[in-house]
Structure formats: structure tokens, C-alpha cells
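>>> Just a sequence and a predicted model for now, questions to come.
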Amino acid sequence: MGLYLVLMGVQGAGKGVQASYIEEKYQIPHVSTGDLFRAMKQRDDELARRVQQILNSGQLVDDATTNEIVADRLNQSDAANGAILDGYPRNQNQAEFLSRYLASKEKKVNAVLLLELDLYVAFKRAFGRVTAPDGTSYNIYTNRDGIEVHFEEDPAGKYPARVVAKRDGEELQRRSDDANAAAVIKRIDTYLESTQPLIDYYDERGLLKRVDAEQSIENVQAEISEIIESTT
């Protein structure tokens, strides 16, 4: 029958962590549209060239092309028994295409996992993220053990104070989009605007499963496993 899951959640909800958990436990690939678009830059076929042309022109990839990219990925052998869809679908047109595509293979979306997170917590999880050279992640608000954090004022007073986090005297790195508070808020606003119609769409069809993402990682994983087991 297969296991096809749609994973949704605001930034900081832990989608990446939970997708890795599902991927390992249920042996299905994590299919992220962001990764798919990036992979198109390394391919040299008709679909990839078409996508490259769209991206190079600064345009958004249209629904039909996005659907084609996802279908191309789901046709690969490692997705024969299911997949975790992350960043897709983004609207009702894409959701309806996914339903038709899976139905043509006598399969279906088993569940839509919505990782729910308070928006203030979401902001702090994103804005507070810092990473050490060895890949260890910390958060200046919620996970400061072993690191030193201070705010460095701009000598000229023209810019906001800069967050500086260090471990053993070495400065930790922040993603540029996380370091910009306005950019973080814009991502949250965009998520709310684009996602709510899709939440309503899947809720009406009984596929939406809400998961409290403020729990511990282990508790979220346990809840996700329970949902999956009840839908397969």
C-alpha cells in the first residue's frame, strides 16, 4: 500500500529532525522541494533545463512544473513504498494533483502531519539558532549549555546589536536569514498566509493530524509513530 506523508510546520517546528526520524524508522525518503529544485541545477535533461531557465529568470516555478518535478522524484525506486513530502504541496492545486497521481498508482496520502508551534517560540527557535564548526547546534534562548552569549553594540550606533555566541573562544555561526529578525518574521507571515488554506483542505478530508511540536523531540516522535501506525 505504501506510506505517503505530508509534513507541515512553521520554521523551528522541527520538521527536519522528525523527517530524519521517519525516514530511518520507516525506510522511506524525505522529499524536500527545496532539495529537488537545487538538484535540478546539477542535471542535464529536458525537465532540468526548463527548471533552470525559470529559476535563472527570477520567476517562481509554476504549479504544473512543480508537480512534474515531484512526480519525477516519486517515480524513483526508493519512493516505491512511500515518501515524506516536505514543502509540497503548497496549495490546493498541487494537493489535488498529488491525490490524482497517487490514485493512478493505487496509493494515497496516508496522513498530513502538522507540527504545531507557538509563533513566539518559532521566532526564538529560528532567530536564536547558532552552529559550531563540528555541526553541533545551540540556541541562545533555549540551549546555551557550553556556550557564551553576548550582544555586541555597533560602535557607530547605526545598526542593532549583533548576537555573538562562542564555544571555547570560537565564534559560532548563524544563518544570514536567521540573523535578520525581519526576515524571520516574514517567513512566519508567509507560512501562515500560504498554509492555512491547505490546512483547511486536508482537515476537511480527515487527513490532518496535529502534533504539539513544543514537546520533547522524543515525545513528538512517539506521537508521530502512533499516528502512522493508526493510518497504515
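Ah, there it is.
>>> which residues sit in contact with the closest residue to residue 115 other than its chain neighbours?
Nearest non-adjacent residue to residue 115, counting by Cβ to Cβ, 6 or more residues apart in numbering: residue 9, 3.3 Å away. (Glycine included, C-beta is placed from N, CA and C.) If you count contacts by Cβ atoms under 8 Å, 6 or more residues apart in numbering, residue 9 has them with 15, 113-117, 213.
>>> which of those lies closest to residue 57?
residue 15 (29.1 Å; Cβ to Cβ).
>>> from memory that closest one sits against residue 86, does it?
Yes: contact status for residue 15 versus residue 86: in contact at 6.0 Å, counting by Cβ atoms under 8 Å.
>>> what is in contact with those two at once?
Counting by Cβ under 8 Å, 6+ apart, the residues touching both residue 15 and residue 86 are residue 7.
>>> Tell me how far residue 121 lies from residue 213.
Counting by Cβ to Cβ, to the nearest Å, the gap from residue 121 to residue 213 is 9 Å.
>>> An error on my part: the question was meant for residue 78.
In terms of Cβ to Cβ, residue 78 sits 27 Å off from residue 213.
>>> What of residue 91?
Distance, residue 91 to residue 213, using Cβ to Cβ: 23 Å.
>>> And the two? Which one has more around it.
Between residue 91 and residue 213, counting by other Cβ atoms under 10 Å, residue 213 is the more crowded of the two (26 against 15).
>>> who touches the more buried one in this structure?
Here residue 213 is in contact with 9, 13-14, 115-117, 220 (Cβ under 8 Å, 6+ apart).
>>> try residue 192
Taking Cβ under 8 Å, 6+ apart as the test, what residue 192 contacts is residue 10.
>>> Can you point out the buried residues in the helix or strand where it lies?
Using DSSP states H and E, residue 192 sits within helix 181-204. Of the residues in helix 181-204, 184, 187-188, 191, 195, 198-199, 201-202 count as buried by neighbour count, 16 or more other Cβ atoms under 10 Å.
>>> Spatially, what comes nearest to residue 68 if we skip its sequence neighbours?
In space, residue 68 is closest to residue 47, 6.3 Å off (Cβ to Cβ, 6+ apart).
>>> pretty sure residue 166 is touching residue 147, no?
Yes: shown here, residue 166 and residue 147 form a contact pair, counting by Cβ under 8 Å, at 6.5 Å.
>>> Please enumerate the shared neighbours of those two.
By Cβ under 8 Å, 6+ apart, the residues touching both residue 166 and residue 147 are residue 172.
>>> out of these two, which sits in the busier spot?
The neighbour count for residue 166 versus residue 147, taken as other Cβ under 10 Å, is higher for residue 147 (18 against 14).
>>> Report the mean confidence score over the helix or strand containing residue 70.
Element membership of residue 70, judged by DSSP H and E, is helix 63-74. Per-residue pLDDT over helix 63-74 has a mean of 92.
>>> Quick check: buried residues in that helix?
In helix 63-74, counting by 16+ other Cβ under 10 Å, buried: 63, 66-70, 73-74.
>>> Given the following helix or strand past that helix, what are its sheet partners and their directions?
Next along the chain after helix 63-74, taking DSSP H and E as the criterion, comes strand 82-86. When pairs are called by DSSP bridges, strand 82-86 turns out to pair with strand 3-9 (parallel), strand 30-32 (parallel).
>>> can I get those in TSV with distance to residue 160 and mean pLDDT?
Conversion of the strands paired with strand 82-86 to TSV gives the following (distance: least, Cβ to Cβ, whole Å; pLDDT from 0 to 100):
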stretch	distance to residue 160	mean pLDDT
strand 3-9	28	96
strand 30-32	32	94
